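> give me coordinates for this.
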Amino acid sequence: MSMLSKPNRGFLLDVDRNPILHAILKKTFYEQFCAGENAAETKATIKQLKDMGFSGVIMTYAKETVFDHRTNTQQGLGVAAVDAEKNGEKMDPRLAHCANIEAWRKGTLDTVEHLEAGDYLAVKLTGAGPAVNEAFSKGDLPPTQMIDAMSEICRKCKERNVRVLVDGESQHFQWGILRLTLDLMRTFNRDGYAVVYNSYQAYLKSMSNTLAAHLAAAQKEGFTLGMKVVRGAYMASDERALIHDTKEDTDNAFNGISQGALKRTIGEFGTTIPFPSVNLFLASHNRESVMAAHQLHQQRTQAGLPTVPVGFAQLHGMSDEVSFSLLALKGSDGSPQVYKCSTWGRMGECLAYLLRRAIENRDAVLRTTDEYNALKAELKRRLKGGFSFATQK
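A predicted model of the protein is given here:
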């Protein structure tokens, strides 16, 4: 999968041109984790997920770029960038109009058309190509064309009552992404709720300082901070020294952020400094973390204690036992709000996404006990129900 995700592949390794390779991946990785290659397939998948009882979907256009610090290379370049490289062209970040940004803008707006009120749009900003990524890698804002595209996307989402989750990405690009996302929150999160959410990757040692800075900005400037909290998905490409030394450290960081937000107390905020307006979104496959967060939210709500709005999500094709366990707890107030996150796009555009899902599933054995026990219990229940029915007859 890593080899297939590299640019400039020949015909045999091009998943969009080699029909045999395309068919194999479509029936294995792609259909397990992705919504569809076109609008019809995507809409059918969204309907299927909502029919299962999910509050909505999180959908993203798959095109992205991942920077591998070990090789100092970018993987998953946008299609326009790859075509330009094949023709010997250089992508100039100073271009007044960039075809990559326009293609990404169009694909993202097409994604919004699939969504309904209450759904979420997830955006991979690196999918906009080299000009954007060069700026992000320096910690700068992207070209004006990209800023305008994001503003257009956010306006359209706000009109349709769709929220925007800006995905966390490789740390090579993340500081520039954080700058842009914070500016978008300053503009669009002014009505007492978050239209735009930033992703806070709990596996990063720097995350507590980053979050403190963003809480301070929200508190001082009076906007709602959209907090999507994840553990992190770039273990294979980020510099190891940036990441917590142990999984326990990452778990503690994730739980500390999520439960602190629900208690409206994180560091100085909520104690010596007033806690700002925050909307929380927890994207996690860890059953203990999400169940503890939901329980805490319910306890504080029922006791009349201050808390923040919270939603939960798991990836399409992963941790269904966690998702349905949350759905089984849904009360008359509609809580918990549970979503499935999927992606759509041509096979070649989805390769970087699929690679991360493949890596993530290498440790799936750690999660199989819970799912095995759940399946076994359900099988016993159905067998017992069938036996009881037969006896009554």
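> could you pull out the helices for the stretch 1-150 of the chain?
Assigned by DSSP state H, counting those that start in this stretch, the helices in the stretch 1-150 of the chain fall at 19-25, 31-33, 39-51, 79-86, 99-113, 130-137, 144-159.
> likewise for the stretch 151-300 of the chain?
Taking DSSP H, counting those that start in this stretch to define them, one finds helices in the stretch 151-300 of the chain at 171-188, 207-221, 247-263, 287-302.
> coming back round to it: highest mean neighbour count out of the helices of the stretch 1-150 of the chain?
Among these, the stretch with the highest mean neighbour count (mean count of other CB atoms under 10 Å) is helix 130-137, at a mean of 24. Using the backbone N, CA and C atoms, a C-beta is placed for each residue, glycine as well.
> just want the angle from that one to helix 144-159.
For helix 130-137 against helix 144-159, the angle by axes from the mean of the first three to the mean of the last three CA atoms, to 10 degrees is 90 degrees.
> how far does helix 130-137 sit from its chain's centre?
20 Å (CA atoms, centre = their mean, to the nearest Å).
> any figure for the gap between the nearest residue to residue 113 once chain neighbours are set aside and residue 29?
Once flanking residues are discounted, residue 113 sits nearest to residue 39: 7.8 Å by CB to CB, 6 or more residues apart in numbering. Distance, residue 39 to residue 29, using CB to CB, to the nearest Å: 21 Å.
> residue 300 too?
Residue 300 is 40 Å from residue 29, by CB to CB.
> and these two? Which one has more around it.
Counted by other CB atoms under 10 Å, residue 300 and residue 29 do not tie: residue 29 has more neighbours, with 21 against 16.
> that one touches residue 1, doesn't it?
Yes: using CB atoms under 8 Å, residue 29 makes contact with residue 1 at a distance of 7.4 Å.
> for residue 119, give its distance to residue 54.
Taken as CB to CB, the span from residue 119 to residue 54 is 10 Å.
> now for residue 29 and residue 1: what residues contact both?
The contact sets of residue 29 and residue 1 overlap at 354, 358 (CB atoms under 8 Å, 6 or more residues apart in numbering).
> sorry, back to before: any chance of a markdown table for the helices of the stretch 1-150 of the chain, columns distance to residue 226 and mean pLDDT?
Shown next, in a markdown table, are the helices of the stretch 1-150 of the chain (distance: least, CB to CB, whole Å; pLDDT from 0 to 100):
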| stretch | distance to residue 226 | mean pLDDT |
| --- | --- | --- |
| helix 19-25 | 34 | 89 |
| helix 31-33 | 25 | 86 |
| helix 39-51 | 22 | 93 |
| helix 79-86 | 29 | 41 |
| helix 99-113 | 17 | 93 |
| helix 130-137 | 19 | 94 |
| helix 144-159 | 11 | 97 |
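> which stretch among the ones you listed comes nearest residue 324?
helix 39-51 (11.9 Å; CB to CB).
> turn the helices of the stretch 1-150 of the chain into CSV, columns for distance to residue 296.
Below are these laid out as CSV (distance: least, CB to CB, whole Å):
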stretch, distance to residue 296
helix 19-25, 41
helix 31-33, 30
helix 39-51, 27
helix 79-86, 44
helix 99-113, 33
helix 130-137, 35
helix 144-159, 29
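> of those, which is nearest residue 334?
That would be helix 39-51 among the helices of the stretch 1-150 of the chain, by CB to CB, at 14.0 Å.
> export that closest one as CSV, just CAs?
The C-alpha trace of helix 39-51 is given here as CSV (Å, rounded to 0.1, in the frame of the first residue of the first chain):
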residue,chain,number,x,y,z
ALA,A,39,-21.8,10.7,-6.2
ALA,A,40,-24.2,7.7,-6.6
GLU,A,41,-22.0,5.3,-4.6
THR,A,42,-21.4,7.9,-1.9
LYS,A,43,-25.0,8.9,-1.4
ALA,A,44,-26.0,5.2,-1.1
THR,A,45,-23.4,4.7,1.6
ILE,A,46,-24.5,7.8,3.5
LYS,A,47,-28.1,6.6,3.4
GLN,A,48,-27.1,3.1,4.6
LEU,A,49,-25.2,4.6,7.6
LYS,A,50,-28.1,6.9,8.6
ASP,A,51,-30.6,4.1,8.3
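> angle of that helix against helix 99-113?
Computed by the same axes, to 10 degrees, the angle between helix 39-51 and helix 99-113 is 40 degrees.
> show me what helix 39-51 is packed against.
If you count contacts as 3 or more CB pairs under 8 Å, 6 or more residues apart in numbering; DSSP states H and E, helix 39-51 packs onto strand 56-61, strand 337-344.
> wait, which of those is closest to residue 214?
When these are compared by CB to CB, strand 56-61 sits nearest residue 214, at 21.0 Å.
> any idea of the mean pLDDT in the closest one?
For strand 56-61, mean pLDDT rounds to 93.
> what's the spacing between it and its chain's center?
9 Å.
> how far away is residue 172 from residue 2?
17 Å.
> which of the two has more neighbours?
A count of neighbours by other CB under 10 Å puts residue 172 above the other of residue 172 and residue 2, at 22 against 14.
> OK, contacts around the residue nearest to residue 113?
110, 113-114 are the contacts of residue 39 under CB under 8 Å, 6+ apart.
> show me the contacts for residue 270.
Residue 270 neighbours (CB under 8 Å, 6+ apart): 260, 263-264.
> quick one, phi/psi of it?
Dihedral pair for residue 270: phi 100, psi -10, per degrees, to the nearest 10.
> find the centremost residue of the protein, please.
residue 167 (5.1 Å; CA atoms, centre = their mean).
> what is the burial count for residue 286?
Counted with other CB under 10 Å, residue 286 comes out at 19.
> and the contacts of residue 39 as a markdown table, adding distance to residue 290?
Below are those laid out as a markdown table (distance: CB to CB, whole Å):
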| residue | distance to residue 290 |
| --- | --- |
| 110 | 31 |
| 113 | 30 |
| 114 | 26 |
